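Engineer: no sequence on this one, just coordinates:
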């Protein structure tokens, strides 16, 4: 089973429904940051049945359907897997912006760049 | 050598925005589903990031490998119109400035720093003007703006607004707010678009 099978399922189902991350998170009652981390496999699937049920409902999986069962099976199977390692320098570089200006049209200071790199690693 | 964007006029950008809509949103419904276009047509990952607006004064950015848009989580959750504009702005960079991204070949933070030194302030001003204009033109397309503008005038008249008020700054604010709801864009974006499309030309009559 792929490392992030649960997140991949959410992502592909959202694509099928053309359900944006923001709308999905809203209807599942989660904050979008958490929804994104679950989808990217940065955190394990939620354990609470009630949360899983809200996610399944936002993804329009009918209760007791095969898709719903598959969704719950994957959540259980992936639970407890260790998230991926921290990003390498090359991966961080790929995630840096090219055209990037602060609201006051200033380039980033050294300190801000370090904060940005730190945020990219953590996110 | 420094990086420079092609010099595009507002009308050039209008044409590019229309081509974009023809390709990715031929239904032409309003509000334009920019989130869905970004995530499912461009297959860009939208990643909420905590605190970038507070700490870095940035709403969103497109990554150098053209695969993700990071966006301030607060903006995404609580400032939907600003979030939509940010996505349209970043997709503007994707559409208009892709060669810069593809040629930059960033493999380290040092590469990134070198590249930043090659982009002059003048070039930056053009990059940003183009992405902002593109975003406004995609979220508030010309034909739909004209049509809704006329509808908004009718609504204002039916609501009892006098001609004198309608064509005053107060009338403009009323109409811009009404249009902002229609297009799910901010009042500022609507006002800029009204000005650019010369829709807000005062008639001779009222004084």
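Structural biologist: Structure's in. What do you need? Just so we're clear, the structure is a prediction, and the values are computed from it rather than from any experiment.
Engineer: go through chain B and flag its longest helix.
Structural biologist: Taking DSSP state H as the criterion, chain B has its longest helix at helix B:80-104.
Engineer: for the helix or strand that that helix is followed by, name the packing helices and strands.
Structural biologist: Following helix B:80-104 in sequence order, the next helix or strand is helix B:109-118 (DSSP states H and E). Where contact means 3 or more CB pairs under 8 Å, 6 or more residues apart in numbering or on different chains; DSSP states H and E, helix B:109-118 is packed against helix A:89-95, helix A:110-122. Bear in mind the C-beta positions are built from the backbone N, C-alpha and C, glycine included.
Engineer: most tightly packed of those helices?
Structural biologist: Ranked by mean neighbour count, the helices and strands packed on helix B:109-118 are led by helix A:89-95 with a mean of 17 (mean count of other CB atoms under 10 Å in any protein chain shown).
Engineer: what residues does chain A have near chain B?
Structural biologist: Residues of chain A lying near chain B by CB under 8 Å from any CB of the partner chain: A:14-15, A:18, A:20-23, A:31-33, A:36, A:40, A:89-90, A:92-108, A:112-113, A:115-117, A:119-120, A:123.
Engineer: care to break the chain down by domain?
Structural biologist: Just so you know, I chose chain A. A:5-83, A:89-122 (automatic domain parsing).
Engineer: um, chain B though
Structural biologist: Listed domain ranges for chain B are B:10-139, B:142-196 (source: automatic domain parsing).
Engineer: one step back: and the angle from the longest helix of chain B to helix B:109-118?
Structural biologist: Inter-element angle recorded for helix B:80-104 and helix B:109-118: 100 degrees (by axes from the mean of the first three to the mean of the last three CA atoms, to 10 degrees).
Engineer: for chain A, just list every one of the helices.
Structural biologist: A:5-17, A:21-28, A:32-39, A:49-58, A:66-78, A:89-95, A:110-122.
Engineer: list the contacts of the fourth one.
Structural biologist: Meaning helix A:49-58. Residues from elsewhere that reach helix A:49-58, judged by CB atoms under 8 Å, 6 or more residues apart in numbering or on different chains: A:10, A:19, A:24, A:27-30, A:45-46, A:63, A:68, A:71-72, A:75.
Engineer: relative to chain B, which of those is nearest.
Structural biologist: The closest of the contacts of helix A:49-58 to chain B turns out to be residue A:19 (CB to the nearest CB; 8.1 Å).
Engineer: of the contacts of helix A:49-58, buried ones?
Structural biologist: Using 16 or more other CB atoms under 10 Å in any protein chain shown as the burial test, the contacts of helix A:49-58 include A:10, A:19, A:24, A:28, A:30, A:45-46, A:68, A:71-72, A:75 as buried.
Engineer: what bits of chain B have low per-residue confidence?
Structural biologist: Scanning chain B for pLDDT under 70 picks out the ranges B:1-2, B:202-207.
Engineer: can you give me the strands in it?
Structural biologist: B:45-49, B:60-62, B:68-72 (DSSP state E).
Engineer: okay if I get those strands as TSV plus distance to chain A and mean neighbour count?
Structural biologist: As requested, these are exported to TSV (distance: least, CB to the nearest CB, whole Å; neighbours: other CB atoms under 10 Å in any protein chain shown):
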stretch	distance to chain A	mean neighbour count
strand B:45-49	4	22
strand B:60-62	4	26
strand B:68-72	7	25
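Engineer: picking up where we left off before, export the helices and strands packed on helix B:109-118 to TSV and tack on mean pLDDT?
Structural biologist: Output for the helices and strands packed on helix B:109-118, formatted as TSV (pLDDT from 0 to 100):
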stretch	mean pLDDT
helix A:89-95	87
helix A:110-122	85
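Engineer: columns distance to residue B:138 on top of the ones you listed, output as JSON lines?
Structural biologist: Shown next, in JSON lines, are the helices and strands packed on helix B:109-118 (distance: least, CB to CB, whole Å):
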{"stretch": "helix A:89-95", "distance to residue B:138": "25"}
{"stretch": "helix A:110-122", "distance to residue B:138": "27"}
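Engineer: neighbours of the closest residue to residue B:80 other than its chain neighbours, how many?
Structural biologist: Closest residue in space to residue B:80, ignoring its immediate chain neighbours: residue B:184 at 7.1 Å, by CB to CB, 6 or more residues apart in numbering or on different chains. By other CB atoms under 10 Å in any protein chain shown, 17 other residues sit near residue B:184.
Engineer: now do residue B:6
Structural biologist: By other CB under 10 Å, 10 other residues sit near residue B:6.
Engineer: next: residue B:191.
Structural biologist: Neighbour count of residue B:191, defined by other CB under 10 Å: 17.
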